[in-house]
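Trainee: kindly generate the corresponding structure for this input.
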Amino acid sequence: MAFIIILFIISIVSSGSTSYFHKNIAGGTPDNMYSFMITAIWMVPVSIVFLIVSVITNDFNFSGNLILTAVLSGISMSAAIILLTESLRKGSYTITIIIVNLNFYVPIILSLIFLNETATLLQLAGILIVTIVIVIINVKSDSQVKKDNTKSIICACIACISNGLVNFGIKLQQYWSPGHGQNMYYFILYFSAAIICFAVAFGMKRYRRDSVDTALIKKMIPYALCLGLCIAVCFYPQSILSGIESINAATQFSVTITGSLILSLILGWIKYKEKITRKNMISLILCLTAVVFQILSY
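Mentor: Numbers count the residues shown, from 1 in each chain. So this is what the prediction gives:
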């Protein structure tokens, strides 16, 4: 039990911390071309680390299905990160983070359908509570709404689905190959995503007349590497949790994402000086309640 709690804490803290680095990259890059470049930069060293661990442990227990799943997860991850960065650049930090953090619905629903998992009434109640949070937080506030907020929300919604597919891929990895192959899985995932990001970035560069701002890229590299570290530290415990039979997707992903959502809300208030509204406080209380429900059900 203590081991499971530690895994959840590591996942929640690392997942919640990613929003800080996403925000800095979004604020520091002028457009999508640089977002793709920065994303690819952190994915390459992270993928190499997982490859080295696979070689050291001699764990190459991998199937064609998992290779395909890893590649598709890499495509989804690259799309999720780029669209999240674009959403953060265009719209509200709080709204974007809340929408994207609802990605746990995707692996939960897909696990119920394809992996024959079940969910308790308390778990479903917790999931419903988090749904209420997104409704509350997106009610039109008295503050001025950015004119491009619709585009931001659309990007966040697509990023939400894409990230959810990555999480389901993690679940599939342990379902098909329990206790084996996760290092190679993550190598293929990150490396394929890096290739996609580099290809798209250089494809966009062909239609630009200005030169690449190398000084800007160097400035963003520390944020990019920290982002990659946080995502890797979040996903690896998730892979271990996926292999524990007593933990279903409803508990695993809803607790992790809801916990990171709480951290993101607090970060928005402290770091970015966002106004603490009644709706935000209600959302925070509901998120805490949802986590309690999931814990009690387990």
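
Trainee: drop to CA atoms for contacts and neighbour counts, all remaining ones
Mentor: Noted.

Trainee: helix, strand or coil for Arg208?
Mentor: Using DSSP: H, G, I helix; E, B strand; the rest coil, the structure places Arg208 in coil.

Trainee: now it: how far from Thr29?
Mentor: Counting by Cα to Cα, to the nearest Å, the gap between Arg208 and Thr29 amounts to 16 Å.

Trainee: cool, and Gly203?
Mentor: Taking Cα to Cα, one finds Gly203 at 17 Å from Thr29.

Trainee: more neighbours: the two, which one.
Mentor: Neighbours around Gly203 and Thr29, counted as other Cα atoms under 10 Å, are more numerous at Thr29. The numbers are 19 against 12.

Trainee: quick one, what contacts the most centrally placed residue in the chain?
Mentor: Among the residues of the chain, the one closest to the centroid is Asn163, at 5.4 Å (Cα atoms, centre = their mean). Asn163 makes contacts with Ser76, Met77, Ala80, Val100, Asn103, as judged by Cα atoms under 8 Å, 6 or more residues apart in numbering.

Trainee: if I look at it, how far off is Asn58?
Mentor: The separation that Asn163 has from Asn58, given Cα to Cα, amounts to 29 Å.

Trainee: other SSEs contacting the helix or strand hosting Thr85?
Mentor: Under the criterion of DSSP states H and E, Thr85 resides in helix 64-90. In this structure, helix 64-90 makes packing contacts with helix 2-28, helix 32-57, helix 93-101, helix 149-176, helix 182-205, judged by 3 or more Cα pairs under 8 Å, 6 or more residues apart in numbering; DSSP states H and E.

Trainee: list the buried residues for it?
Mentor: The neighbour-count criterion (16 or more other Cα atoms under 10 Å) identifies 66-67, 69-90 as the buried residues of helix 64-90.

Trainee: what angle sits between it and helix 2-28?
Mentor: Counting by axes from the mean of the first three to the mean of the last three Cα atoms, to 10 degrees, helix 64-90 lies at 50 degrees to helix 2-28.

Trainee: what about helix 64-90, average pLDDT?
Mentor: For helix 64-90, mean pLDDT rounds to 87.

Trainee: on that earlier part again, can you tell me which of the contacts of Asn163 lies nearest to Arg278?
Mentor: For Arg278, the closest of these turns out to be Val100, at 21.5 Å, with distances computed as Cα to Cα.

Trainee: and that closest one, how many residues sit next to it?
Mentor: Val100 has 26 neighbours, counted by other Cα under 10 Å.

Trainee: please apply the same query to the one 5 residues further on.
Mentor: The burial metric for Tyr105, expressed as a neighbour count using other Cα under 10 Å, is 21.

Trainee: quick one: it and Gly164 touch, right?
Mentor: Yes - in this structure, Tyr105 sits in contact with Gly164. The criterion is Cα atoms under 8 Å, and the distance is 7.1 Å.

Trainee: can you check what angle separates the strand or helix carrying Ile129 from helix 93-101?
Mentor: Counting by DSSP H and E, the secondary-structure element that holds Ile129 is helix 121-137. Taking the same axes, to 10 degrees, helix 121-137 and helix 93-101 form an angle of 150 degrees between their directions.

Trainee: in helix 121-137, what's buried?
Mentor: Of the residues in helix 121-137, those scored as buried under the neighbour-count criterion (16+ other Cα under 10 Å) are Leu122, Gln123, Leu124, Ala125, Gly126, Ile127, Ile129, Val130, Thr131, Val133, Ile134, Ile137.

Trainee: contacting residues for the nearest residue to Ala290 once chain neighbours are set aside?
Mentor: On the basis of Cα to Cα, 6 or more residues apart in numbering, the spatially nearest residue to Ala290 that is not a chain neighbour turns out to be Gly126, at 4.0 Å. By Cα under 8 Å, 6+ apart, the contact list for Gly126 reads Thr289, Ala290, Val291, Phe293, Gln294.

Trainee: and Lys218, how many neighbours?
Mentor: In terms of burial, Lys218 registers 12 neighbours under the definition other Cα under 10 Å.

Trainee: hey, C-alpha coordinates of stretch 213-228 in PDB?
Mentor: Extracted C-alpha coordinates of stretch 213-228, given in PDB (Å, rounded to 0.1, in the frame of the first residue of the first chain):
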ATOM      1  CA  ASP A 213      16.200  32.400 -33.500                       C
ATOM      2  CA  THR A 214      18.900  30.200 -31.900                       C
ATOM      3  CA  ALA A 215      19.200  32.500 -28.900                       C
ATOM      4  CA  LEU A 216      15.500  31.900 -28.100                       C
ATOM      5  CA  ILE A 217      15.900  28.100 -28.500                       C
ATOM      6  CA  LYS A 218      18.900  28.100 -26.100                       C
ATOM      7  CA  LYS A 219      16.900  30.100 -23.600                       C
ATOM      8  CA  MET A 220      14.000  27.600 -23.800                       C
ATOM      9  CA  ILE A 221      16.200  24.400 -23.500                       C
ATOM     10  CA  PRO A 222      16.300  24.400 -19.700                       C
ATOM     11  CA  TYR A 223      12.500  24.600 -19.500                       C
ATOM     12  CA  ALA A 224      12.200  21.900 -22.200                       C
ATOM     13  CA  LEU A 225      14.500  19.500 -20.400                       C
ATOM     14  CA  CYS A 226      12.700  20.000 -17.100                       C
ATOM     15  CA  LEU A 227       9.400  19.400 -18.900                       C
ATOM     16  CA  GLY A 228      10.700  16.200 -20.400                       C
END
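
Trainee: fine by me, we can end here.
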